[in-house]
Each structure stands twice: as C-alpha cells, then as structure tokens.
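Asker: Build me a structure from this.
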Amino acid sequence: MIDALTIAEALDLRPPTVEQRAVIEAPLAPALVVAGAGSGKTETMANRVLWLLANGLAAPSEVLGLTFTRKAAAELGERIGRRIDQLGAAGLLPLREGQTEPDPFEAATVSTYNAFANTIFRDNAALIGREGDATVLSEASAWHLARGVVADTADPRILEVEASIDRLTDLTVALAHDLADNLADPAEVAGFAEDFLRLGELPRGSSGSGLYRELEKALQAVGALPVLTALAERFQEAKAERGFVEFSDQVALALRIIERVPRVVDEHRARYRVVLLDEYQDTSVLQTRLLARLFAEQGVMAVGDPHQSIYGWRGASAEGLGRFALDFGSAARFSLSTSWRNGHGVLAAANAVVAPLTAGSAVPVDRLAAGPGASDHAVELTFPETIEDEADDVARWFAGRLAENAERGEAPPSAAALFRVRAHMDRFAAALSRHGVRYHILGIGGLLRQPEIADLVAALTVVEDPAAGSELVRLLAGARWRLGVRDLRALRDLASWLASRDHAHRLLPEEVRERMRASVTEGEGGSIIEALDFIASRRPGEDGRLDHSALSSFSDAGLLRLHDAGTLFARLRARAGLDLLDFVTLVEQELGLDIEVEANESRSDGRANLEAFREAVSGYLQTDDRGAGTGSSLRGFLRWLVLADKRDGLAPRPEDPEPGTVQLLTIHGSKGLEWDLVAVPRMVDGELPGTPVEGFRGWVRLGAMPYAFRGDAAELPDLAWRGCATQKEVVDAIADFGDTLRERNESEERRLAYVAVTRARHHLLLSGSWWAGQAKPRGPGVFLRDLAEARTLPELPVEPSNLENPLEQAPRTFHWPHDPLGARGDRVRAAAERVRVADPALLGARGADIRLLLAERAVRLAGGERVGLPTRIPASRFKDIVSTPAEVVAQLRRPMPERPYRQTRLGTTFHSWVENRFGIQGEAESVDTFPDELDDGGATAAGAEGEQLARLIETFERSEWADRRPEAVEIEIHLQLAGHVVVCKLDAVYRTEEGFQIVDWKTGRAPKDAADLELKQFQLALYRLAYSRWKGVPLESVDAVFYFVADDLVLRPERFYSERELSESLSSATGASPRP
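Answerer: Below is the predicted model of the structure:
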C-alpha cells in the first residue's frame, strides 16, 4: 500500500505529522478525530481521501463529505477536488477497467448536513405522501403562517396564557421546531405538563398558606404547554395542507423516509463507502440519528472538538462526540493537537481557559501545541475604570498595531473585536473612529443600529403598524421634526382622548370604556399614530392654524410640525403598494436621509449603510414567499428584520477578513474565522461569562419543551420533581436544578471564550472595565482570573478607584430637540444671515453667471472633483465607475430603484442550473439553520422566461463547457485595490494545462463593439487578480473569458489590464492619488 508520506512527496505537499498520518491511514471503519482549533482538519480530511483513492479502497464518487456552512462545504469540496486532480496527474489514481485516464466527471459529493437531508427528502418525498417540490417557507413567512394559526384558534385555554399574540406566535414556532427536532409526541408532552400541574395540589410543607411564589411561576409556565402543543400541531398541519415545508423540517422528513423505506438506506450505503463528518460537535440529535441510520458500521470518520461546541441553542451538544461509538459502532479515536494557526502566547491562554473542561470532557482532549515557526507574543490586558476608557484603550491598541505594520512596510494585518453580545459594539466602533481606524460592524444587526437605518426602519414600521408608537417618537423627537416634551405629551393625551370616543368623536359610555381598558395591557390604551393621523386630517384655517378643542395643549410650532409629519406618513401609506425596493427608496428620500448622510461631516459611511440596507432588501425579496399567501411584503420584511436581528449574532459570518479594517462581530459569528489581531472586550462578571436572558430556569419557563423529551436528555440536568411530597420539596428541587444549570452555563461560556481566544493568529488583547451602565462595579470575569492565575496575563486590578459609577457622577449635557445642523448650526445660521442682509447689487446683473464661473474655476483648479464612493464596490460596476464616475456617484446619491429579483431572475436561475448540473456547492455563505440566507436555487422559471431558460440550457449542452468539470463555482472574493474592497463574484473556474481559466456566464447579448468589450474586460481583469491572490498562484497562470450563452460566443480580450492599471483607473476616477 502507498503510505501518506509517499503521496505527500509525490504531490509536493507538506509531510503529515505523526498524528495526521494516523488519521489519514486509519482503516475504513468508524473513527472519531478530536481536532483542536487550527489543527489542520480540512487538509487532513482531504489527504485521507487521497490515501483511500490511491490504495484503491474507494472511488471519488464513493466519498461523501458533510459540514455546516456552504462556505465550509465549498472549501472542503474544492480542496478534495484539487487533490484528486493532483493525484491523477501524478499517476497515483487507480483507473477502472477500460479507462485510460481519470473520469473528470467522477467527483466526491460535498454538502452541508441539511442540504444532504433535503436531497433525500426531495428525491423520495412521494414515498411518504409529500411533494418533492414543496415550497420552502422563509422564516418570516413561516412566522406569519403560525400567527394566523394562533389568531384563528378557538381554544379557550389560550386566554390563560399571559402573552401577546406575537409572543404566542414565537412560542408556537419554537415549540413546533423542538417537537420535530427531537421526534417528540405532542400528546405525551401535554400529558407531562398535566402531571406537573398536580404539584399545585401538594401540601405546603411549611408555615404559611397558598402556593409558593416560585412554584406558582413554574405551574404557570409549564401549564401553558397543552395549548401550545396543540397550536404547534395545528401549525404543522397548516404547512402540510398548503404544501409547505420549513428548512428545519427537512431533516425530520428525511429521517421519516429512511425509517419507512429500507431501500433508501441500502442505496446510500452502497453509494458512499467513505463518509466524512466535519464539525461533528455541532450536529443536532436529529442529524446524528439520520446519519447513524444511514451509515452505522460504515467507513464514517467524524471530526470535531468538544471545546468548540457553542451552538447548544440549536440542539448541538458537546456530549455528542462521546456518543459517537454508540451511534455508529465501536470506533477508533485519534487526535490532532498541533495548532497551525495560533502563536505560543495565544495557545497558552487558550489552554488555560479550557483546562477546567478537559477533566470532565466526554472524550479525551489533548493540550494544543504550537506548530513550527509560530509567533511568540504575550497576551495583553487592559482593565481601566470605565467602559469609555476601555473602548479607548482597545481602539488605541488596534491603531498602534496597524501603524507598526505600516512603518515596517508590511501589508496591513487582519483584525477583529469579538463580543459576547452586541450591546456595546457601537461604543467601541465610535472609539475606533476617533482614533482614525477603519471598522466594519458585520451583519444585519450592526447595520440596523446605524442612525440612518434606524430612522428608515422606524418609518417603515410606522407605515405598517399602527401600534409602533416608540418608532414614531424616535422620528418626531429627531432632527427632522424636533418635537419637544410638551408636544409629545399632548400627542399621548390626544391618543387617549380618541381612544375614549367613537368614529364621530362622541364620548363612549363609561361601561364601554371600562371594558376597553380591561381588554388591553398597560401601555396599549391609545395609538399616537392614530392621533397623528387625526392631526393630519385637520385642514389649516386662513391663519394657518389648526383649530380643534382637542388640540389646545399643543404649541403652535409643534402642531404644524405634527401636521407635516402626519401628512408625510399618510402620503407614504397611500404608496405602500409599490414594490418593496421602490417603496424603501421612496421612504428614504421622503425622510431626506439620502441628503442628510451626504451633509453629515462627522460620518462618512452613511451612504454605504443605505446601500447595504438596499442590498438586504434585495436579498429578502429573493427568498420572500409572497406567493404563499402568508403576509404582505412590507410586513414580512419587517418581521424578517426582527428575526434576522435576533439570530444575527449567533450565526457564523460569511465575510472574509478585510486587511486594515477592524471587523466587529459576536464570538458566535467568529466560528471558523481567524485574524492577525484580535481583541475580546468586556471580559467581566455578568458579561463574559454571561447569563441567559431567561435566567437559570431550564425547561421551567414559558413554551420550553421538558428535557425528558429531548434526544440528549441523558446529558442534561434533571429536575427531580416526581418524588416530591410537599410544595417545599418542589421549590428546593427547582433551586437545585437552577444551581446545576448555572454550572453548566459556565462550561458553555468557557467554550465560547476558548473559541474567541483561538481566533487570534499573533496578537491578542483581552479587556474589561469596572463601570459601564450598571449600579455596582463588575470585576474581572472568571476567565481573566484563570489566565492571571496561570501567569499568562499581568496581575489583575483588585478593586475600582471609584465607589460609585463615575459615568453617572460626571455632569452630562443633552440638547433636545436636536439641532438638525449639529455642531455646524451656529456657523451656518451666521452665514445665512450674512447672505440675507447682503446687498444684491454687489454682484450686479451678472451675479448668477459670476457664481457659476467661479464654481467651475474652483473645480478646474482642484484638478477635478473627488468622487465619494463606498469602500466596498462590486466588480460588475467597476467599468461604470472608471468610465462615467460622475453618473455613478449621482446614482449613488439619488439611486433609482433596481429590481434584481425580477431583472436578473433568468440569469440567477441559469447560474443555479449550472451549479446544480455539476453538483458543486457554491461559496455563497449560509448556515443550514438560517434559511433566509440561502439563494433560491430551487426556483423554476415559467412562461416566456422558461422558454428562454430552455434555450440557454440547450445551447450550453452543445458548448465546450458541457464536457468540462469546473474546479469551483460561485466564488466570492474580496479584492483590496486602491483603498477599496472590490467584491468579485466568479461564476466558474476551470483547470487548464497552463493553470486556471475563469468563465463568466452572460445570459444577455454580446458587446456591440470593441469599445464595449474593452470596458467589460475590467471585470475579467479584476477576477484574474482576485483569484490569483486568493489561490496563491501566479497571475500569468490565470486566464479569463466571457461566455455569452444566448449567442454561443466565447470572448477573450486581447490583453488584460495589470494590477497597476486597475489601481490607477480607480484612483483617477475617484480623484485619489494612486498607491505605489
């Protein structure tokens, strides 16, 4: 047999370590690999496939690799495919009988866990009476369907649950998912709850009378399960009746298929002899059960790290690795304990943080050691008095590190600040801005917290929701209308006045008003949006005043501003039927946000934020199920924003590091990423480690499924309530249960800290501070204390210098209402006054002409106007930017709405067809459990569009590309160029004898002339440069062409622009100085 060392030498690869070789050459039987952070597991898995193929133990098509994100699947698939090609080129790939060369179309299958399950479901859905092409509901559409179920219920028990309809909807959806994910019987869960309710009949067991408060809360929470399980069942029935499935249903449906139809199991076992399970610690009980039913006792190798199990909220468990042998059969165990990522100092901190977990781990975990050539920098610490000082210290640290690289003439390093929660991100971002450090808050959650986006979303919410009082107050008290306290209070009083009257504004009888008051919760008595509409409905008199007895409490100025605001929102509601993207642009312009972001001297990212929000709208529209009848587009979008904001900090981020820019994201979002510089702020008690929002109540809370019905119940704490004889014993048992949950939470938080620390390659800063917004000081968290005890950190401060919060003691001045001109107000008003009092005769009759000529001269002398473009620009717009920069900037300042979900559907569908044809996963990032981030690859064309698609496919099948297998498809690469990030989205990459060839599919018509092609080649030149850098290959080895499918025409420019030419073109267009 050929050993791994021989294969590595033949392919010019780094020789595997002893640990790696043991994994690579393991027998084809169940095996578990515990791979620490940065230990090279992806490379090791790819090399194992090579060893199996080279020794004839498997064929490429018999290999199945599964992981969690599309990005990770693409990376693993690309690496395996490249290695197989290298193996064939070296003559080490065995050929089948009759073959003279390897089959280019025989490839390994690499996918995400849920995509694999979805394939089983769609291919075999008819076997369980379902439709394989069932509509997959987006998360927002599923929520609206569930809301309809809740609203339509006639179950009287719903009145006993103290929750709003939206809260009940959340609980229904979550419980439906829990029941499905754990294969729990709703009737048994309801029966469990009814048994638990009998605890209220027990004797008290101590002095006093009535129920213990703690027991009463538990009974209220668990007592809601019978009605909630009924709603969850009805929700599942509603989906089935309409032919819908959710993304989360697919694994359960696939499992139902293989349990009912043994033939499907036999087919998969025969097809896949080699199964690689990546990030196994993050698999749910349901996913594990599906895979075990399919591949138990097969050649399954699971790779994972119990110390990186941080997704327990979606059913994953660190104990899953310990159950591997039980699920798949007796398994050999291997370890990868050399980190090829982290420096010595970082690893010392990581090992110290995770040390308490090692003893109690379900599987043995070796201590991580640094690889050859690892950097050796001490971990740094700052723990000042206040959070303001902490943010300043962190910003100064990043500024200093970035400056050091610049002074040495080195490329800028990648950098990130990782947070347990997003609450303080804005404060740290502001500090970075003050120190001149570029930053990027990743994800929709960060975007929603930008002031211009917060205003835009508030306005959209006011248009849609008559109860959106808080959002309306934000706008009315802001710089646009500047309403004061007196007028806001008068608006509230007007809302109460209207709520007590009928449609003709006659006072309702007292008994009616009393019933109305009793039917709503506190704060729901009247709508200030309806009050605003009332003001807008009044017509000013001849003196311009609004005259009505109910309006006497308002100031004259305030009333006119409210009338203006009400009129604006009435106008917007009248146009709410526009396409969503059009409507969002209209609201932006009606609020004047597009002008405000240009006029704000203190912030340069406002325009980019508005562009990013429009991209989010477009992304939502690509997955919106408006045809499913589950809600209006605007309402669905607003709900999608709420859901996206909630889950945003928990999802792994798809963005690549941006050298020279500090990325701000959550620790959960950092999983799978790495940076040269990493700061982990707020490592204080109560934040890291943190505590659950619901406290340490486990399943004894509203809507939670009891642990007894969880698939991992054996590893979860037990609440011993069944043997209790008194209420006192139950209360004590609940307290003990909470203590156990508190200990378990610290272990989960420790794993989170370990993930954060191991994201750093070279430099790591840990920080905290005594005072933020709380009344009592928060000292260094337990993880900092552990590190100090292990002597990997300097000595920690013992106590704060201030006995009371200095942030509260310091005098602060607030100006409200806000001056719309900000700090420039006095200067602008003074200048305006000088203009008003100036003598127009000073310029004479030709004054206007003189002003125009002077302005033109100023532009000419300045050498042209510097164009303000966003930092991130798409490669597809590059030709427009360099050819007509003024038009592009004008469009950015006053953008016309685009409809990518319509105009590019044919192109998108064709690209998806190509991707599916070759069975290669693209690199558009998404996590299996977050469906709204998926491209709608399953969309089908209809009518004339379908005929066009059919013609494109027919042409493609006749082309040279039909018989060639791409190296990769749908790759997104961020190219640093002239101070900008150019986003390059490559359709397909093929391997050639000279190197690589990039192909850009074009479903439109070919260029009309040479000049048009010359402009279009900018895009290909950028793709070449991006792929060369990303792949680490010479630029000369990368070719690029356009394939215009409709014309069956391949176009290759006579030459490609060089990197310098591209940089100079961009710099010239923006008015910047080209970089050397």
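
Asker: max-length helix in the chain?
Answerer: Among all segments of the chain classified by DSSP state H, the helix with the greatest residue count is helix 727-757.

Asker: And it, what does it pack against?
Answerer: helix 213-222, helix 344-358, helix 667-670, strand 675-680, helix 782-789 (3 or more CB pairs under 8 Å, 6 or more residues apart in numbering; DSSP states H and E). From N, CA and C alone the C-beta is placed, and that goes for glycine too.

Asker: Show me which residues of it are buried.
Answerer: 727-731, 733-734, 737-738, 741, 744-745, 747-757 (16 or more other CB atoms under 10 Å).

Asker: Go through the helices and strands packed on helix 727-757 and find the least confident stretch.
Answerer: The weakest mean pLDDT among those belongs to helix 667-670, with a mean of 91.

Asker: send the alpha carbons of it over as PDB?
Answerer: C-alpha atoms of helix 667-670 as PDB (Å, rounded to 0.1, in the frame of the first residue of the first chain):
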ATOM      1  CA  ILE A 667     -18.000  35.400  19.200                       C
ATOM      2  CA  HIS A 668     -20.600  33.000  17.800                       C
ATOM      3  CA  GLY A 669     -20.200  34.700  14.500                       C
ATOM      4  CA  SER A 670     -16.400  34.300  14.600                       C
END
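
Asker: Could you pull up phi and psi at residue 975?
Answerer: Here is the backbone geometry of residue 975 (degrees, to the nearest 10): phi -100, psi 120.

Asker: got the contact list for it?
Answerer: Residues in contact with residue 975, defined by CB atoms under 8 Å, 6 or more residues apart in numbering, are 875, 981, 982, 983, 984, 1022, 1025, 1026, 1029.

Asker: what about the closest residue to residue 964 other than its chain neighbours, distance to residue 110?
Answerer: Nearest-residue entry for residue 964: residue 990, 5.6 Å, with adjacent residues in sequence omitted and distances by CB to CB, 6 or more residues apart in numbering. According to CB to CB, to the nearest Å, residue 990 stands 18 Å off from residue 110.

Asker: The two: which is more packed in?
Answerer: residue 110 (27 against 17; other CB atoms under 10 Å).

Asker: Just the CA trace of the helix or strand that contains the more buried one, in PDB.
Answerer: Taking DSSP states H and E as the criterion, residue 110 maps to strand 109-112. C-alpha atoms of strand 109-112 as PDB (Å, rounded to 0.1, in the frame of the first residue of the first chain):
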ATOM      1  CA  THR A 109     -20.000  14.700  -3.000                       C
ATOM      2  CA  VAL A 110     -19.500  17.500  -0.500                       C
ATOM      3  CA  SER A 111     -22.500  19.300   1.000                       C
ATOM      4  CA  THR A 112     -24.000  20.800   4.100                       C
END
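
Asker: So for that strand, what gets flagged as buried?
Answerer: 109, 110, 111, 112.

Asker: For the helix or strand following that strand, output the C-alpha coordinates as PDB.
Answerer: Counting by DSSP H and E, the next helix or strand C-terminal to strand 109-112 is helix 113-124. Output in PDB follows, covering the C-alpha atoms of helix 113-124 (Å, rounded to 0.1, in the frame of the first residue of the first chain):
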ATOM      1  CA  TYR A 113     -25.800  18.500   6.600                       C
ATOM      2  CA  ASN A 114     -29.200  20.000   5.900                       C
ATOM      3  CA  ALA A 115     -28.700  20.100   2.100                       C
ATOM      4  CA  PHE A 116     -27.900  16.400   2.200                       C
ATOM      5  CA  ALA A 117     -31.100  15.700   4.100                       C
ATOM      6  CA  ASN A 118     -33.100  17.900   1.700                       C
ATOM      7  CA  THR A 119     -31.800  15.900  -1.200                       C
ATOM      8  CA  ILE A 120     -33.100  12.700   0.400                       C
ATOM      9  CA  PHE A 121     -36.400  14.300   1.100                       C
ATOM     10  CA  ARG A 122     -36.900  15.800  -2.400                       C
ATOM     11  CA  ASP A 123     -35.800  12.600  -4.200                       C
ATOM     12  CA  ASN A 124     -38.100  10.400  -2.100                       C
END
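
Asker: right, and the helix or strand after helix 113-124?
Answerer: strand 135-137.

Asker: any idea which of the contacts of residue 975 is the one closest to residue 248?
Answerer: residue 983 (30.4 Å; CB to CB).

Asker: what pLDDT does the closest one get?
Answerer: 85.

Asker: Who does it form a beta bridge with?
Answerer: As for beta bridges, residue 983 partners with residue 874, residue 974 under DSSP bridges.

Asker: can you redo the helices and strands packed on helix 727-757 as TSV with distance to residue 497 and mean neighbour count?
Answerer: Output for the helices and strands packed on helix 727-757, formatted as TSV (distance: least, CB to CB, whole Å; neighbours: other CB atoms under 10 Å):
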stretch	distance to residue 497	mean neighbour count
helix 213-222	36	18
helix 344-358	59	22
helix 667-670	47	24
strand 675-680	53	25
helix 782-789	55	20
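
Asker: Minimum distance to residue 94: which of those has it?
Answerer: That would be helix 344-358 among those, by CB to CB, at 40.5 Å.

Asker: what sits against residue 463?
Answerer: Residue 463 neighbours (CB under 8 Å, 6+ apart): 569, 572, 573, 576, 587, 634.

Asker: Apply 10 Å and report the result again.
Answerer: Applying CB atoms under 10 Å, 6 or more residues apart in numbering, we find residue 463 in contact with 471, 529, 569, 570, 572, 573, 575, 576, 583, 587, 634, 638.

Asker: circling back: give the next helix or strand downstream of the longest helix of the chain.
Answerer: Next element after helix 727-757 (DSSP H and E): strand 760-767.

Asker: can you give me how far that next one is from the chain middle?
Answerer: 24 Å (CA atoms, centre = their mean, to the nearest Å).

Asker: cool, and stretch 43-60?
Answerer: That offset, for stretch 43-60, works out to 34 Å (CA atoms, centre = their mean).

Asker: swap in stretch 13-32?
Answerer: Chain-centre distance of stretch 13-32: 34 Å, with CA atoms, centre = their mean.

Asker: Going forward, the N-terminal residue is numbered 451.
Answerer: Happy to do that; since the first residue is 451 now, the last one works out to stretch 463-482.

Asker: ends of it, how far apart?
Answerer: When the termini of stretch 463-482 are compared using CA to CA, to the nearest Å, they are 24 Å apart.

Asker: And for stretch 1237-1248?
Answerer: Terminal-residue distance, stretch 1237-1248 (CA to CA): 15 Å.

Asker: ok, residues contacting that stretch?
Answerer: Residues contacting stretch 1237-1248 (CB under 10 Å, 6+ apart): 795-803, 805, 828-835, 1133, 1203, 1207, 1214, 1216, 1218-1220, 1229-1231, 1234-1236.

Asker: let's see 7 Å
Answerer: 798, 799, 802, 803, 829, 831, 833, 1216, 1230, 1234, 1235 (CB atoms under 7 Å, 6 or more residues apart in numbering).

Asker: Around the fifth one, how many other residues sit close by?
Answerer: Counted with other CB under 10 Å, the neighbours of residue 829 add up to 23.

Asker: and it, what is it in contact with?
Answerer: Taking CB under 7 Å, 6+ apart as the test, what residue 829 contacts is 795, 796, 799, 1214, 1216, 1242, 1243.

Asker: May I ask which two of these are separated the most?
Answerer: 796 and 1243 (12.3 Å).
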